[in-house]
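Participant: Okay, sequence plus prediction incoming.
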Amino acid sequence: TFTARPFDYQRWFVRRCLDAMNGQDATTLAGAQQRNMQAGHRCIGMTMETRPDWARLQHVDRILDMGATRVELGAQILDDRVLHAMRRGHTVQDVRDATRICRDAGLKICYHLMPGLPGSTRRRDDASFATLFDDPAFRPDMLKIYPTLVVPSSELHEQWRQGDYQPLSTRMATERIAAWKATVPPWVRIQRVQRDVPAQLIDAGVRKSNLRQLVHTYMGRQGQRCRCIRCREVGHRQYKDQATIGDISLVERRYRANDGREHFLSMEDENGVLVGYCRLRFPARPHRPEIGERDALIRELKVSGPLVPLGQEPDSAWQHRGYGRRLLETAEQLAADDGRDMLLVLSGIGVRPYYKTMGYQQRGVYMAKPL
C-alpha cells in the first residue's frame, strides 16, 4: 500500500526512480520531473498500488503531484460479507468512492481480484465479477486476477492446515476465470492472471504460473474467446496467432461510469485486432482545480506494438504511424462537439513534450488544450 507510506518517503522513492532514468541526481522531485521530460529514458507512465480506503482525495492529489497516471486498487471482491469475514478493513463502498475520485481525476484504474477467498463461493465470485461491469459505479479499465494462494506464515495457512479452508484447484480456477474472460467488455485489459509466486512457496492453491495459457486453451476447447484489450493487441495476435492484419479503422464505444461518460476510441481491423486506443471522459464531479465543469479528460492514449526509440524510424512497428494523432484529434472533436471548453490529458512525465507539439500546455499535473 504505497500511499500508506510516509509521504516524504513516497516523494523520495519517486525522485530516485526518476534520477535513475535521468542518469543524474536532482535535489527535488520537481527537478527530477523536469529533467525527465528531456531524458533519454523517459517515464511514460507511473502506477501506484494501494487499497481502496487509501485512495481518498488527499492520497490521489499526492500521487498525481508525483506523476502517477494509473492506480491499482486491491478490491479483491465486491462482497461486504466476504471482506468483513477476512478482516480486509475496507468495504465495497470504499471501492466505489476510490473509483469515482480516481476516474474523475483522469487516472486509469486497475482492480486486483482474488477468486476463492475464504468465505466466498463460486456463486459469490461470479456475482461479484458480474457487478464489476453491470454497475457503472465500478467498471475498471484493467484487471489483475489472482486466485487466492496459501503460503507459509499466514493466518490463512493455519485455517487451511486445520481443514477450515480449501483454495481453488488449478482446474477450478481455470474454469472460473475462463467464464469471466468470456464476458469481459472490449474496453478492459486483463493485465495479469496469477501472481508470479515460486511454486515451492505455495502450500495450496494454483501452482501453475502459466494459468492464463491454461485458461486460453480451455476457452478454445469450449469455443469461447476473450475480447479484452490484451487478447486483441496487434503484437499478441501477430506473434501467437500469426494473424493477418486487415484495414484499420476507427471504432467508438460509449458507456457510463461513475456518473460520467466514457468514450473508448480504438483503431482496429474488421476482426477486432487492436492497434491503438484512447479513453476520453466527460467527468461528473472532478475535484482537481485544473479541471473545469465543462472540461473533458483523456485518461489514456496508447498505440500497441513494440516501442520505437526516440529519434528512430519505425520498421514493422505500429508506433509513429499517425494512429495516436488520429485518436487524439478524434477525442478533441468529440469534446468540442459536446461543448467542452478544454481537453486535459493526464500524461506520463516523459510524454509531456509530445503533447506540446500537439498544441497542449502544462496546466498543473495535466496537459491542456482549449477547444
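Facilitator: Received the coordinates, thanks. Computed from a predicted structure; not experimentally measured.

Participant: what ranges do the helices span in the stretch 1-150 of the chain?
Facilitator: Counting by DSSP state H, counting those that start in this stretch, the stretch 1-150 of the chain has helices at residues 7-22, 29-36, 57-66, 80-85, 92-104, 122-134.

Participant: what mean pLDDT does the shortest one have?
Facilitator: Read it as helix 80-85. Averaging pLDDT along helix 80-85 gives 96.

Participant: So the chain: which segments form each domain?
Facilitator: Following automatic domain parsing, one finds the domains of the chain at 2-238, 246-370.

Participant: how about the ones you listed in CSV, adding mean neighbour count?
Facilitator: In this view, the C-beta of every residue, glycine as well, is placed from N, C-alpha and C. Conversion of the domains of the chain to CSV gives the following (neighbours: other Cβ atoms under 10 Å):
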stretch, mean neighbour count
domain 2-238, 18
domain 246-370, 18
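
Participant: hey, least reliable of those by pLDDT?
Facilitator: domain 246-370 (a mean of 92).

Participant: The helices of the stretch 1-150 of the chain into TSV, with extra columns for distance to residue 347?
Facilitator: Output for the helices of the stretch 1-150 of the chain, formatted as TSV (distance: least, Cβ to Cβ, whole Å):
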stretch	distance to residue 347
helix 7-22	15
helix 29-36	12
helix 57-66	12
helix 80-85	34
helix 92-104	16
helix 122-134	27
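
Participant: To residue 327, which of those helices lies closest?
Facilitator: Closest to residue 327 of the helices of the stretch 1-150 of the chain is helix 92-104 (Cβ to Cβ; 19.2 Å).

Participant: Pull the contacting residues for the nearest residue to residue 50 once chain neighbours are set aside.
Facilitator: Leaving aside its sequence neighbours, residue 50 sits nearest to residue 3 (Cβ to Cβ, 6 or more residues apart in numbering; 4.5 Å). Contacts for residue 3 (Cβ atoms under 8 Å, 6 or more residues apart in numbering) come out as 10, 48, 50, 54-55, 59, 62-63.

Participant: and those residues as a markdown table, adding distance to residue 222?
Facilitator: What follows is these, written out as a markdown table (distance: Cβ to Cβ, whole Å):
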| residue | distance to residue 222 |
| --- | --- |
| 10 | 45 |
| 48 | 37 |
| 50 | 36 |
| 54 | 39 |
| 55 | 36 |
| 59 | 42 |
| 62 | 45 |
| 63 | 40 |
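
Participant: can you tell me which of the residues you listed lies nearest to residue 94?
Facilitator: When the contacts of residue 3 are compared against residue 94 (criterion: Cβ to Cβ), the nearest one is residue 55, at 8.3 Å.

Participant: Test my guess that the closest one contacts residue 96.
Facilitator: No: Residue 55 is beyond contact range of residue 96, at 11.2 Å (criterion: Cβ atoms under 8 Å).

Participant: State the distance from the nearest residue to residue 362 once chain neighbours are set aside to residue 75.
Facilitator: Once flanking residues are discounted, residue 362 sits nearest to residue 352: 6.4 Å by Cβ to Cβ, 6+ apart. As judged by Cβ to Cβ, to the nearest Å, residue 352 and residue 75 stand 30 Å apart.

Participant: again, but for residue 205
Facilitator: Residue 205 is 19 Å from residue 75, by Cβ to Cβ.

Participant: just checking, what packs against the helix or strand encompassing the residue nearest to residue 362?
Facilitator: Using DSSP states H and E, residue 352 sits in helix 352-357. Where contact means 3 or more Cβ pairs under 8 Å, 6 or more residues apart in numbering; DSSP states H and E, helix 352-357 is packed against strand 366-370.

Participant: Okay, strands next: where are they in this structure?
Facilitator: In the chain, the strands defined using DSSP state E lie at 47-50, 70-76, 108-113, 142-145, 189-193, 249-257, 260-268, 274-282, 295-303, 342-345, 361-363, 366-370.

Participant: what packs against the first one?
Facilitator: Judged by 3+ Cβ pairs under 8 Å, 6+ apart, the packing partners of strand 47-50 are helix 57-66, strand 70-76.

Participant: repeat that for 6 Å
Facilitator: Secondary-structure packing of strand 47-50 (3 or more Cβ pairs under 6 Å, 6 or more residues apart in numbering; DSSP states H and E): strand 70-76.
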